[in-house]
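1. pasting the structure only:
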């Protein structure tokens, strides 16, 4: 199928006006050797990209919202969608899009990755950091990604659409993240001719992405609502506003560690600003509900919370075998403990980093030699956490 809807007349390189579309719609842990700092500009290796320090690596962090993401789906005019394109066309689209992205000012220092050339572990590590989707990680020839040095901008090429432009930020930063995604989108469009319809907006492979092509989301830590048994009610309420609740890695994933992703479900019939306002209002309500649930736990279940958080700390500090799901759930309790005052406030970014590092791909990439069996990973994960929590402050008495 070709996305050959007639294009509106517009000056070359200028974004079509964003008018609202009319339609609705156990070895010892071995850390890799220290890597040199990447160059200030130009392509960089995947090793350098993942080793680079970013602002998000430091605190403070939001007590409820881990990250904010804006994703824009874009396709090239008069060009077959990736799912129906042959190998030669996919390769040409990859080359063309990669060159256009590399010209953009925010992407001057970047990693240019071809998915087929990456190992399964490298692909997994990128998914765990939300730099590429699971769908792109599973793609074959003709798929790639361009990722900025600070890992706040990522452009997936030949996933479901020709381009998936995304901006990521720590904490609750919907407006700021949208501005970054929009600026990069504008620069790319100065080089590429997007498929756009005056009636339907941006043309996409999936009809649910028509219109603005935007998915705005926040990754939220909601342990008190989970403990109180209120998440089903929250999910139903969120759905009534045209939003969807998913797990840690999006559609089809579970919510280990009480981490949920909340995003808009459709993008047709609304402007970007309207979508962001609707999502932002709902997220504020969810944050308030989680905050109130935490206060309720402190009032009614102080001894129980003391026990849960203390046990979590003890297991993380002393275990010798621990799986991903168990580790996430225990780290979630420690993160809740930070918000409740059981640990220093500045430890939040530290825990958020652990949530990534204990994932299978990141763990094997940092401490293993190739793919490891589950039992070996569990031993390495436990050793990593013991080392981390040997330096982590013990829970302090309630104030």
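-> Arrived safely, thanks for sending. None of these values were measured; they are calculated from a predicted model.
2. Summarise which helices and strands the longest strand that the chain contains is packed against.
-> When the chain is parsed with DSSP state E, its longest strand is strand 65-74. Helices and strands touching strand 65-74, by 3 or more Cβ pairs under 8 Å, 6 or more residues apart in numbering; DSSP states H and E, are strand 163-170, helix 174-189, strand 214-221. All C-beta spots, glycine's among them, are computed from the backbone N, C-alpha and C.
3. Can you say which of those is nearest to residue 352?
-> strand 163-170 (7.8 Å; Cβ to Cβ).
4. which outside residues touch that closest one?
-> With contacts defined as Cβ atoms under 8 Å, 6 or more residues apart in numbering, strand 163-170 is touched by 55-56, 61-62, 66-76, 97, 130-131, 133, 136, 151-157, 176-178, 180-181, 184-185, 188, 192, 352.
5. Likewise for stretch 357-364?
-> 121-129, 324, 327-328, 331, 356, 366, 370-372, 377, 380-381, 384-385.
6. Buried among the contacts of strand 163-170? Need that as a selection in ChimeraX.
-> Buried residues within the contacts of strand 163-170, by 16 or more other Cβ atoms under 10 Å, are selected in ChimeraX with:
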select :56,61,62,66,67,68,69,70,71,72,73,74,75,76,97,130,131,133,136,151,152,153,154,155,156,157,177,178,180,181,184,185,188,192,352
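7. The nearest residue to residue 203 once chain neighbours are set aside: how many residues sit nearby?
-> Excluding its sequence neighbours, the residue lying closest to residue 203 (Cβ to Cβ, 6 or more residues apart in numbering) is residue 195, at 4.1 Å. Residues near residue 195, counting by other Cβ atoms under 10 Å, number 24.
8. I figured residue 195 hits residue 80, correct?
-> No: with contact defined as Cβ atoms under 8 Å, residue 195 and residue 80 do not form a contacting pair (10.8 Å).
9. Quick one: the helices in the stretch 101-250 of the chain, in order.
-> Taking DSSP state H, counting those that start in this stretch as the test, the helices found in the stretch 101-250 of the chain are 120-128, 134-137, 174-189, 223-227, 231-239.
10. Reformat those helices as CSV; add distance to residue 163 and mean pLDDT.
-> Below are those laid out as CSV (distance: least, Cβ to Cβ, whole Å; pLDDT from 0 to 100):
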stretch, distance to residue 163, mean pLDDT
helix 120-128, 17, 95
helix 134-137, 11, 94
helix 174-189, 7, 96
helix 223-227, 36, 95
helix 231-239, 28, 93
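11. Out of those, the one nearest residue 146 is which?
-> Per Cβ to Cβ, nearest to residue 146 of these: helix 174-189, 10.1 Å.
12. Can you name every helix or strand that the closest one contacts?
-> Helix 174-189 packs on strand 65-74, helix 87-103, strand 153-157, strand 163-170, strand 214-221, helix 272-300, going by 3+ Cβ pairs under 8 Å, 6+ apart.
13. if you compare the ones you listed, which one is most tucked away?
-> With neighbours taken as mean count of other Cβ atoms under 10 Å, those reach their highest mean count in strand 153-157, at a mean of 28.
14. okay, now the domains of this protein?
-> Under the assignment automatic domain parsing, the domains of the chain span 42-291, 301-389.
15. neighbours around residue 347, how many?
-> Residues within reach of residue 347, counting by other Cβ under 10 Å, total 18.
16. Look at it and give its secondary structure.
-> Using DSSP: H, G, I helix; E, B strand; the rest coil, the structure places residue 347 in helix.
17. before we move on, what about the one 4 residues further on?
-> Here residue 351 is helix, with the state taken from three-state DSSP.
18. thinking again about what came up before, export the helices and strands packed on helix 174-189 to CSV and tack on distance to residue 143 and mean pLDDT?
-> Output for these, formatted as CSV (distance: least, Cβ to Cβ, whole Å; pLDDT from 0 to 100):
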stretch, distance to residue 143, mean pLDDT
strand 65-74, 15, 96
helix 87-103, 7, 95
strand 153-157, 7, 98
strand 163-170, 11, 96
strand 214-221, 19, 96
helix 272-300, 27, 96
